[in-house]
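*Asks:* Sequence first, then the predicted structure:
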Amino acid sequence: MKSPQILTVIIAAVFAIIAFILASAVALSPILTAGLVFVSAFIAPLIGTSNSAQASSSSNASNGDVKTLYVGNLPYRANETVVRELFATYGLVHSVRLMKDKHTGKRRGFGFVEMAANDLDKAINALNDTEFQQRTLKVREAKERPERVDSNQGS
């Protein structure tokens, strides 16, 4: 499947071609043509996102279980894209969440990667205790998050 960014670019290009054809056939003003292209730039990501969301939800159903990996000792400069690419070599990555400090917004050096359950062991075996951007990664299956009790609801 094509990535959502490529799909969005293709949809935007189709809109631009349609705007060009309309402008030349109907002799629209250049400002109106620019307006059509401008509007298509906002519509294309919406169409691309809805198609990719439908495709990913159907791939979730076809791939069975999705499990979460804890990834610790991440370099602070690593972003979601780099981590996704690293794990994608070992299986289907559904999502990447790198944790940030609420007050400073800086990354905290750990995160979570959701992968297809059948790819989990392969990723753990390949990446745990390996060096990534001069840091030794700690990769294991994430523990279930315990239920949080809201202290404000008791009274």
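*Replies:* Received the coordinates, thanks.
*Asks:* Got the domain ranges for this protein?
*Replies:* Annotated domains of the chain cover 4-62, 66-141 [automatic domain parsing].
*Asks:* Can you name the element that comes right after the helix or strand of the chain with the lowest mean pLDDT?
*Replies:* None of the helices or strands of the chain scores lower by mean pLDDT, DSSP states H and E than helix 30-62, at a mean of 57. Note on helix 30-62: by DSSP states H and E, the next helix or strand toward the C-terminus is strand 66-72.
*Asks:* Just give the number of residues close to the closest residue to residue 126 other than its chain neighbours.
*Replies:* Closest residue to residue 126 apart from its sequence neighbours, by Cβ to Cβ, 6 or more residues apart in numbering: residue 90 at 5.3 Å. For glycine as for every other residue, the C-beta is placed from the backbone atoms N, C-alpha and C. Per other Cβ atoms under 10 Å, the neighbour tally for residue 90 reads 17.
*Asks:* In three-state terms, label residue 90 for me.
*Replies:* With DSSP: H, G, I helix; E, B strand; the rest coil as the basis, residue 90 sits in coil.
*Asks:* Tell me which of the domains of the chain sits most buried.
*Replies:* domain 66-141 (a mean of 15; mean count of other Cβ atoms under 10 Å).
*Asks:* Would you mind measuring from residue 124 to residue 69?
*Replies:* 7 Å (Cβ to Cβ, to the nearest Å).
*Asks:* for residue 109, same thing?
*Replies:* For residue 109, the distance to residue 69 - Cβ to Cβ - is 15 Å.
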